[in-house]
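make a model of this:
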Amino acid sequence: MSALSSHLIEEIKALPARYPQPRSAVMPALDLAQEEVGYLTPEAMTEVATALQLDAGYVEGVATFYTLFHLEPIGKHRFYVCTNLSCTLRGAEDIVEHLRGAIGVKEPGEISKDGLFSYEEVECMGACEYAPMCRVDHRYHYDLTAEKIDQLVTERRHLASTPVQASASHPSPLPDGERGPSKPKRAPRKKTSG
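Residues are numbered from 1 along each chain as shown. Sure thing, here's the model as predicted:
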């Protein structure tokens, strides 16, 4: 049985044409696989390697090098909290502590009992002027406070409890003062000219 859907395999096979070096497609391909499966299983990485006609060891090497790829299950909503210097100076440690309590975990990587949340402390995300900040559900959230963390958690719990969940292509609006594009759910792409 295949770990990845047939339409995703076809999308991955089309990626190398977009890059000067076919190997450059491995990161976007792994991102697509992780988005579909939830994390990178050995089977998913092998299928990515086969689709890209790359050595499976090379693909696994890329997946294990970058922290944005996960080889074990994570919460449905993963908080990536910056704890680099600028964010730490502006209260990131307090934000992390508050987040732990809000989602009910004690350490990075732990999944909340409801399976909805996990978090990870990360290095600079390139928005030092808006510290402290995090990324969750492909959106960046800036100038974090305990209240903003509570709001982010509550919104995601509410989505999980509603019968018709909002899709990733129709995210809930950002709270005031937060910016960042959403990353829509991927659909097969059609080739266009021009």
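
element containing Glu120?
For Glu120, the host element (DSSP states H and E) is strand 117-122.

which elements pack onto the next helix or strand after that strand?
Once the chain leaves strand 117-122, the next helix or strand it forms, by DSSP H and E, is strand 134-136. Here strand 134-136 touches strand 77-82, strand 139-141, going by 3 or more CB pairs under 8 Å, 6 or more residues apart in numbering; DSSP states H and E. C-beta: built from backbone N, CA, C; applies to glycine.

using JSON lines, please lay out the ones you listed together with distance to Glu107.
Output for those, formatted as JSON lines (distance: least, CB to CB, whole Å):
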{"stretch": "strand 77-82", "distance to Glu107": "13"}
{"stretch": "strand 139-141", "distance to Glu107": "22"}
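
hey, which of the ones you listed is tucked in deepest?
Ranked by mean neighbour count, those are led by strand 77-82 with a mean of 23 (mean count of other CB atoms under 10 Å).

neighbouring strands of that one in the sheet, and parallel or not?
Partner strands and pairing direction for strand 77-82 (DSSP bridges) are strand 117-122 (parallel), strand 134-136 (antiparallel).

okay, those strands, which one's buried deepest?
Compared across these, strand 134-136 shows the largest average neighbour count, a mean of 23 (mean count of other CB under 10 Å).

show me how far stretch 77-93 is from its chain's centre.
Mean C-alpha position of stretch 77-93 versus that of the full chain (CA atoms, centre = their mean, to the nearest Å) differs by 16 Å.

in CSV: the strands paired with strand 77-82, plus mean pLDDT and distance to His7.
CSV is the format used below for these (pLDDT from 0 to 100; distance: least, CB to CB, whole Å):
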stretch, mean pLDDT, distance to His7
strand 117-122, 94, 28
strand 134-136, 93, 27
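
pipe the ones you listed into JSON lines and attach distance to Leu152 per row.
Output for the strands paired with strand 77-82, formatted as JSON lines (distance: least, CB to CB, whole Å):
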{"stretch": "strand 117-122", "distance to Leu152": "10"}
{"stretch": "strand 134-136", "distance to Leu152": "6"}
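
show me the domain layout of this protein.
Following automatic domain parsing, the chain resolves into domains at 6-65, 77-161.

circling back: could you export the strand holding Glu120 as PDB, CA atoms only?
Extracted in PDB, the C-alpha atoms of strand 117-122 (Å, rounded to 0.1, in the frame of the first residue of the first chain):
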ATOM      1  CA  PHE A 117      -1.100  20.300  19.900                       C
ATOM      2  CA  SER A 118       2.600  20.000  20.200                       C
ATOM      3  CA  TYR A 119       5.400  22.600  20.200                       C
ATOM      4  CA  GLU A 120       9.000  23.100  19.300                       C
ATOM      5  CA  GLU A 121      11.500  25.800  20.200                       C
ATOM      6  CA  VAL A 122      13.200  27.000  17.000                       C
END
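
quick one: contacts of it?
The contact list for strand 117-122 (CB atoms under 8 Å, 6 or more residues apart in numbering) reads 67, 74-84, 96, 99-100, 103-105, 108-112, 153, 156.

from the chain's centroid, how far away is it?
Relative to the centre of its chain, strand 117-122 is centred 10 Å away, using CA atoms, centre = their mean.
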